[in-house]
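**Student:** no sequence on this one, just coordinates:
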């Protein structure tokens, strides 16, 4: 039982610390600025080239095959350096590793892991949100290709993406969960229209909707077997719920550090209420750091992903929204001059209880699969 | 980093779990069963768990904060009505001062609001001090102020007992009681010693709170599976399921931050151990009250009766929360650690 570093871990930490000291691009917080998203690809590639990305992924996937606890060290040092968080593509990597055949893995993992290729995820639809399995986008076989028709929404980073991991119905005759297949669709074609969606904090580079109007994808870009799409979706969303996978420990650590600085710079402006909100944000962020350490240590036994991902998602949501409330207290709810960064951080935090499966869906999963309460 | 319990720690946890399941009260009525309580006390004493923080030859404790927390969590889960917190903190205070071990019945005295250790000035105790875990305890440790440092002494525990917690009595100490210095005291306690000791106290109470939360969630889920309304178990309704899911999640978050605090007691310097424990205590104290309130709510009318164990969990949580400071005091410590509003600094 040791939260401390082994000699190997310490050596890695010191090497990483020195590198971060010289290579921090100093991007603004991810949740507040299109500038972050413009610079994120380069940061991904820089981290990868230096050997600090994909630490716990298998070597054949372009990772480093290290124990998953190294991801915690990366997050802690990113916080200490005030560097941008690591890009969140782990859930896509895990989906391809688990469900993709050798050919798909060989063709797509290197570009995904290195940051050469940008990806988005076409799961949700206007009429298929929490009830994802009711999705209506269709993929119809034509020779060696499939033709994709449908409407996807909440497709993050679709404007910059080279590839979209699309869930589409390939068999309308079977029960809804079994008729779905997954495809890696090339975004650069005329039959795909991408529209940005402006979020409540004003940023336009993260969210989008995508219209597939007879888009074409080679049959060899199917991930898994026909009808395996639902299982792939469950793999992806279970990883998408995990702060350890997402690197969010660093995201929150960085935000609270900046909030502390804001209070210390102008102590007279921040009264007991703001300070209490800040204290809770500090405590919540620390909880998540400890929790991710615990989860990733458990994985040293080879424990696989189960319903505890829903626990992690709710904890992560509580942290993000506590940080959001501290940002609102400290930055002011109605800033009348200058910088409204903290207001944007707050507004963005409301999405965390929806994205990757709503908090209500997570509670349903915990109730049935962990607490074993009866099904209604 | 590998924060899994060691095989020895798992064995310790399982032993504590078995003892708790065999000898702890299963109903409110069983709290009055003195024969059962006597067996539990004897078993805890015989196991050596009250001496985990006594000194080895080199002054380090026999067991780390993690082992203490492992036992404390199980005792909290089972509503163990026997001394653990008081004797453990007394043993650690003697160890830090280089004093010889006391009796396992020795406990510690705190100020009236439980947030600080009791301090005697000029050899006598001021008003309002109380002794924790005052079952059979006949003496309690207090701090004796000597400039910026502290010695330790004992006072007789002779006052009447009262406690919000039905499982752990608290006794008042007579104002003006004479403090007996401890013979064989090797050195006074400095700031780092006291920070580490507070860190231990907070970490042990966090572990107790985690156990209390686990116990409260368990009885609430059991009730939700068996109680039927509208022709269905109430645990099948989303409104009830979501309350219980939130309680479970709060318990897991608490377990993670409490584990870190328990590790920090011996792995970090005293100040950092106290910082880690303060964050954990604020988190666990807030969570525990909420989780126990949920347990009462899920039990409906029954939950508001004396015979339902839900309030026994809540009461135990309230006492553990206040020992060495609850939510407010520990949030202040967290801010002070970041250089905000520290006043006289972190303590």
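**Tutor:** Happy to help now that I have it. For clarity, every value in this text was computed on a predicted model and none was experimentally measured.

**Student:** remind me which residues of the chain are low pLDDT?
**Tutor:** No chain was given, so I picked chain A. A:29-33, A:303-305 (pLDDT under 70).

**Student:** ah, no, chain B please
**Tutor:** B:185, B:342-347.

**Student:** what are the boundaries of the strands in the stretch 201-347 of chain B?
**Tutor:** Secondary structure of the stretch 201-347 of chain B (DSSP state E, counting those that start in this stretch): strands located at B:228-229, B:232-233.

**Student:** which parts of the stretch 101-250 of chain B sit against chain A?
**Tutor:** The stretch 101-250 of chain B comes close to chain A at residues B:217, B:221, B:224-225, B:232-233, B:235-238, B:240-242, B:244-246, B:248-249, as judged by C-beta under 8 Å from any C-beta of the partner chain. To be clear about C-beta, it is placed using only N, CA and C from the backbone, and glycine gets the same treatment.

**Student:** before we move on, the earlier item: would you turn the strands of the stretch 201-347 of chain B into JSON lines with mean neighbour count?
**Tutor:** As requested, those are arranged in JSON lines below (neighbours: other C-beta atoms under 10 Å in any protein chain shown):
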{"stretch": "strand B:228-229", "mean neighbour count": "10"}
{"stretch": "strand B:232-233", "mean neighbour count": "15"}
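
**Student:** residue boundaries of the helices in the stretch 151-300 of chain A?
**Tutor:** Counting by DSSP state H, counting those that start in this stretch, the stretch 151-300 of chain A has helices at residues A:229-240, A:243-246, A:248-265, A:272-298.

**Student:** highest average neighbour count across the ones you listed?
**Tutor:** helix A:243-246 (a mean of 26; mean count of other C-beta atoms under 10 Å in any protein chain shown).

**Student:** what residues does that one touch?
**Tutor:** A:68, A:71-72, A:88, A:90-91, A:94, A:239-240, A:249, A:288, A:291-292, A:295-296, A:312, A:315-316, A:319 (C-beta atoms under 8 Å, 6 or more residues apart in numbering or on different chains).

**Student:** could you measure from the spatially most distant residue from the centre of chain A over to chain B?
**Tutor:** Here the centre of chain A is the reference, and by C-alpha atoms, centre = their mean the most remote residue is residue A:268, at 37.2 Å. Applying C-beta to the nearest C-beta, to the nearest Å, one obtains 12 Å for the distance of residue A:268 from chain B.

**Student:** repeat that for residue A:239.
**Tutor:** 18 Å.

**Student:** for that residue, what are its contacts?
**Tutor:** A:90, A:91, A:94, A:95, A:245, A:305, A:309.

**Student:** which non-adjacent residue is nearest it?
**Tutor:** residue A:91 (3.8 Å; C-beta to C-beta, 6 or more residues apart in numbering or on different chains).

**Student:** quick check: the one you found touching residue A:234?
**Tutor:** No. If you go by C-beta atoms under 8 Å, residue A:91 and residue A:234 don't touch, sitting 11.1 Å apart.

**Student:** buried stuff in the longest strand along chain A?
**Tutor:** If you go by DSSP state E, chain A has its longest strand at strand A:207-218. By neighbour count with 16 or more other C-beta atoms under 10 Å in any protein chain shown, strand A:207-218 contains the buried residues A:207, A:208, A:209, A:210, A:212, A:215, A:217.

**Student:** hang on, the fifth one packs against residue A:135?
**Tutor:** No. At 12.0 Å, residue A:212 does not count as touching residue A:135 under the criterion of C-beta under 8 Å.

**Student:** how far away is the nearest residue in space to residue A:180 that is not next to it in sequence from chain B?
**Tutor:** In space, and not counting its chain neighbours, residue A:180 is closest to residue A:229: 3.6 Å by C-beta to C-beta, 6+ apart. Between residue A:229 and chain B the computed distance is 28 Å (C-beta to the nearest C-beta).

**Student:** residue A:229 contacts residue A:168, correct?
**Tutor:** Yes. Counting by C-beta under 8 Å, residue A:229 does reach residue A:168; the two are 7.4 Å apart.

**Student:** what about residue B:231, how many neighbours?
**Tutor:** Number of residues near residue B:231 (other C-beta atoms under 10 Å in any protein chain shown) recorded here: 5.

**Student:** backbone torsions only: list them for it.
**Tutor:** phi 80, psi 10 (degrees, to the nearest 10).

**Student:** just checking, what packs against the helix or strand residue A:312 falls within?
**Tutor:** Counting by DSSP states H and E, the element that carries residue A:312 is helix A:308-331. When contacts are defined as 3 or more C-beta pairs under 8 Å, 6 or more residues apart in numbering or on different chains; DSSP states H and E, helix A:308-331 sits against helix A:243-246, helix A:248-265, helix A:272-298, helix A:341-349, helix A:359-365, helix B:238-267.

**Student:** neighbouring contacts of the second one?
**Tutor:** Going back to what we said before, that points to helix A:248-265. A:29-31, A:72, A:74-76, A:78-79, A:82-83, A:85-86, A:88, A:243, A:270, A:274-275, A:278, A:281-282, A:284-285, A:288-289, A:292, A:316, A:319-320, A:323, A:326-327, A:330-331, A:342, A:345, B:338-340.

**Student:** can you give me the buried ones in stretch B:150-158?
**Tutor:** For stretch B:150-158, by 16+ other C-beta under 10 Å, it's B:150, B:151, B:152, B:153, B:154, B:155, B:156, B:157.

**Student:** for chain A, see how far away the fifth one is.
**Tutor:** It stands for residue B:154. For residue B:154, the distance to chain A - C-beta to the nearest C-beta - is 34 Å.

**Student:** what comes into contact with the helix or strand hosting that residue?
**Tutor:** For residue B:154, the element it lies in under DSSP H and E is strand B:149-156. With C-beta under 8 Å, 6+ apart as the test, strand B:149-156 has contacts from B:93-94, B:97, B:99, B:102, B:106, B:109, B:119-120, B:125, B:129, B:138-144, B:173-174, B:177-182, B:185, B:188-190, B:194.

**Student:** now, of those, which are buried?
**Tutor:** B:93-94, B:97, B:99, B:102, B:106, B:109, B:120, B:125, B:129, B:139-144, B:173, B:177, B:179, B:182, B:185, B:188-189, B:194.

**Student:** the residues you listed in strands, which ones?
**Tutor:** Checking the buried ones among the contacts of strand B:149-156 against DSSP E, those in strands are B:109, B:120, B:125, B:139, B:140, B:141, B:142, B:143, B:144.

**Student:** which among the residues you listed gets closest to chain A?
**Tutor:** Comparing those against chain A with C-beta to the nearest C-beta places residue B:143 closest, at 27.2 Å.

**Student:** so that closest one is in contact with residue B:116, correct?
**Tutor:** No. Using C-beta under 8 Å, residue B:143 is not in contact with residue B:116; the gap is 9.2 Å.

**Student:** ok, residue A:58 touching residue A:68?
**Tutor:** No. The pair residue A:58 / residue A:68 is not scored as a contact, 11.8 Å apart, by C-beta under 8 Å.
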